[in-house]
Every structure is written in structure tokens, then in C-alpha cells.
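[1] what's the 3D shape of this:
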Amino acid sequence: MLEHLNAKPETPQRVVILGAGGFVGSAIARTLQNQEVPILPLTRKELDLLSKDAPAKLRAILKPMDHLVLVSAIAPAKTVPMLMQNLQMAEAVCDVLSESQVSHLVYISSDAVYADDANPVNEQSPCAPSTLHGMMHAARELMLRSSTRAPLAVLRSTLIYGTGDPHNGYGPNRFCREAAKGGAIQIFGDGEERRDHIYIDDVAAIASLMLAHRSLGALNAVTGVSTSFRDIAQMIASRFGVEVRSQPRQGPRPHLQHRFFDITNSLKAFPTFRHTPLAEGLRQMYRAC
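    As a prediction, this is how the structure comes out:
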């Protein structure tokens, strides 16, 4: 559940974004700039959290009234070395936060922290990750929570889609690229798995609301609507005039077949916020495909 320390939204004095060069980080930076919020966007070029001098550099940058957003990650974390690198990055931030006070901390996490059999999922669902990626985010959440006295807001996002995604993960982003090239959209099996997908600008907008309200606690960045991959593929295929083709699975069906969310807490936290409908978000993507 999310608690707001600012009952009415206030403009932060400055927001420092770690991971501002990535898909989500750049969207948050863009949203805050459009709102005329002072920001300091830091990419890996300005601050490499895996470098030995990262804590010293970050310590020199942060000011007591800063809001710090941690997005930086090597994701998805698929191997043990990737897991350890992500924990090392978080360790550098925790080293600084254990000594240096900031006004607020926002961590961009993932719904992968939840147990697979938690349906419907809400913010009180058990954190019992079954993947290295989920374990990475769960460990980072705990590390940050135990290292700082600053109010911590954790935004656990479901599958994100939108323009500028550098990954080619299974779902809207890949489907759109395949269709734009004139080829058939490939789905695994019948594409029956149902997932919640959230538009990138919505994730950034929720993060900005957390910053303005100086929120603490956890909130899921989800829409509450789960759609099958086949239905998404067909929506995109109809736009580009291509086919949807089924291909045999390379292995067993995914351990997580369906995931549904209870968005009651989201509605309570930000009652005037409205998610971008999937059809509209896909239309925004088409312009860049």
C-alpha cells in the first residue's frame, strides 16, 4: 500500500535519475522535463555503478533535498553473473544512502518479485520470486529498505511496451517490429498466455506522481487488464496487414501461464490517473515502427 507524505503534489527541488539512458529511465526524465521538474539525468557514461569509484562520485552528487530514482539495471537478469552485477550496482547506491541523506527514494522494480501462483496479485501478495530476475529485484528492494532512512517508494511494473524499447522480448514490441518489416508475427503455441501490459508513458507518469507526493510503500504499475499474446498479435497484424503464425514451443509452456492484478490500491493512491488503453498504446507504437 502507498502512503503520501505530501497530501497535495509538490514539485521536487531536484530529481536525480540513475539509469536515465535506459528505456524506463529516459521516459521518466522526459516526463519530468515536460512538467518542468529540475532533474539530473545520469547515464552509465556519467556514473557507472559497477566502477570502484561509483560510491564516491554519487556521494559528491547527491544533496539532502534530492529525490533519487534508481532505474539502472542489467535486465532482464537471466544468469547468475548478471544477478551479481545488479546486486553490486545496488550495493554502491546503498553504500551512499547509508551515510548520505536524501529527501526521497523511488526504486523501479518488477512484478517478477511475486509468487507465480498469486492470482489476482496485489501489493500484499507474497514476494516469492521464481526467476533470477525476480530475485534480483526482491533483493534490491530489501537492500535499499535496510540502507536508508529516506522514504522509499517501490514501483513494481508489469510488462512494459512502447516506443524506444531496446529489448526484443516476446510481446508487443517484438510483434510490432516483425509486422513493420512485412513478415508474419510469430507466436508460441496458441499464444494463450494472458498478461497485463502497461504503456511506457504510464509508468513514467506514475513515477512522477510518486515523486510529487513523496510517497512511500509499494505500488504495482499495472492496468488491471490481462490480454493474451494471440489477441495482441492479431491487433498489430490487422494494422499492418500481415499474418499471425504459430510456431512450436522450444520447451514446456511457461511456468506462469496467466497473471491478473487487483488494482484497488492503485485507484486509491492516484484516483484521477487513467491508464492508456492497450489499443491506444499500440497506435502510439505504430508511428515509430
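
[2] List the contacts of the longest helix seen in the chain.
    Ordering each helix of the chain by length in residues (DSSP state H) puts helix 80-97 first. With contact meaning CB atoms under 8 Å, 6 or more residues apart in numbering, helix 80-97 is reached by 18, 49-50, 54-55, 58-59, 62, 68, 70, 72-75, 77, 105, 132, 135-136, 139-140, 143-144, 146-148, 150. For the C-beta atoms, the positions are set from N, CA and C on the backbone; glycine is no exception.

[3] Next, the buried residues of stretch 96-106.
    Using 16 or more other CB atoms under 10 Å as the test for burial, stretch 96-106 gives 96, 97, 100, 102, 103, 104, 105, 106.

[4] whoops, stretch 85-99 was the one
    In terms of neighbour count (16+ other CB under 10 Å), stretch 85-99 has its buried residues at 85, 86, 87, 89, 90, 92, 93, 94, 95, 96, 97.

[5] go on, stretch 243-250?
    Buried, per 16+ other CB under 10 Å, within stretch 243-250: residue 244.

[6] Straight-line length of it, end to end?
    Start to finish, the residues bounding stretch 243-250 are 21 Å apart (CA to CA, to the nearest Å).

[7] oh, and call the first residue 32 from now on, that's how I've got it
    Will do, 32 is the new start, and the previous item becomes stretch 274-281.

[8] Could you pull out the helices in the stretch 182-320 of the chain for me?
    Counting by DSSP state H, counting those that start in this stretch, one finds helices in the stretch 182-320 of the chain at the ranges 203-211, 231-244, 260-271, 295-300, 309-317.

[9] List the buried residues of the shortest one.
    Judged by neighbour count (16+ other CB under 10 Å), helix 295-300 contains these buried residues: 296, 297, 300.

[10] Now those in TSV, please, with extra columns for distance to residue 200 and pLDDT.
    Output for those, formatted as TSV (distance: CB to CB, whole Å; pLDDT from 0 to 100):
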residue	distance to residue 200	pLDDT
296	27	95
297	24	95
300	28	96
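
[11] from the residues you listed, which is closest to residue 307?
    Within those, proximity to residue 307 (CB to CB) peaks at residue 297, which comes in at 14.0 Å.

[12] what about residue 259, neighbour count?
    16 (other CB atoms under 10 Å).

[13] if I look at it, how far off is residue 38?
    Residue 259 sits 40 Å away from residue 38, going by CB to CB, to the nearest Å.

[14] ditto for residue 250
    Distance of residue 250 to residue 38, given as CB to CB: 17 Å.

[15] Between those two, tell me which one has more neighbours.
    Shown here are residue 250 and residue 38; by other CB under 10 Å, residue 250 has more neighbours (25 against 8).

[16] Does that one touch residue 241 like I think?
    Yes - using CB atoms under 8 Å, residue 250 is in contact with residue 241, at 7.3 Å.

[17] Need the overlap of contacts for those two.
    Shared contacts of residue 250 and residue 241 (CB under 8 Å, 6+ apart): 33, 184, 186.

[18] mind putting those residues in TSV, pLDDT, distance to residue 53 and neighbour count included?
    Listed next are the shared contacts of residue 250 and residue 241 as TSV, based on pLDDT from 0 to 100; distance: CB to CB, whole Å; neighbours: other CB atoms under 10 Å:
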residue	pLDDT	distance to residue 53	neighbour count
33	93	24	21
184	98	19	28
186	98	14	24
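
[19] Tell me, how many residues neighbour residue 199?
    The burial count for residue 199: 10, using other CB under 10 Å.

[20] Burial check on the residue nearest to it when sequence neighbours are not counted, number of neighbours?
    Using CB to CB, 6 or more residues apart in numbering and skipping the chain neighbours, the partner closest in space to residue 199 is residue 205 (5.2 Å). Residues contacting residue 205 under the criterion other CB under 10 Å number 18.

[21] How about residue 96?
    Using other CB under 10 Å, residue 96 has 12 neighbouring residues.

[22] where does it land on pLDDT?
    On pLDDT, residue 96 comes in at 96.

[23] Got the phi and psi for it?
    Dihedral angles of residue 96 (phi, psi; degrees, to the nearest 10) stand at phi -90, psi 10.

[24] Isn't the residue nearest to residue 199 up against residue 197?
    No - with contact defined as CB under 8 Å, residue 205 and residue 197 do not form a contacting pair (12.0 Å).

[25] Tell me, how many residues neighbour residue 81?
    If you count neighbours by other CB under 10 Å, residue 81 ends up with 13.

[26] got the contact list for it?
    By CB under 8 Å, 6+ apart, the contact list for residue 81 reads 116, 119, 120, 123.
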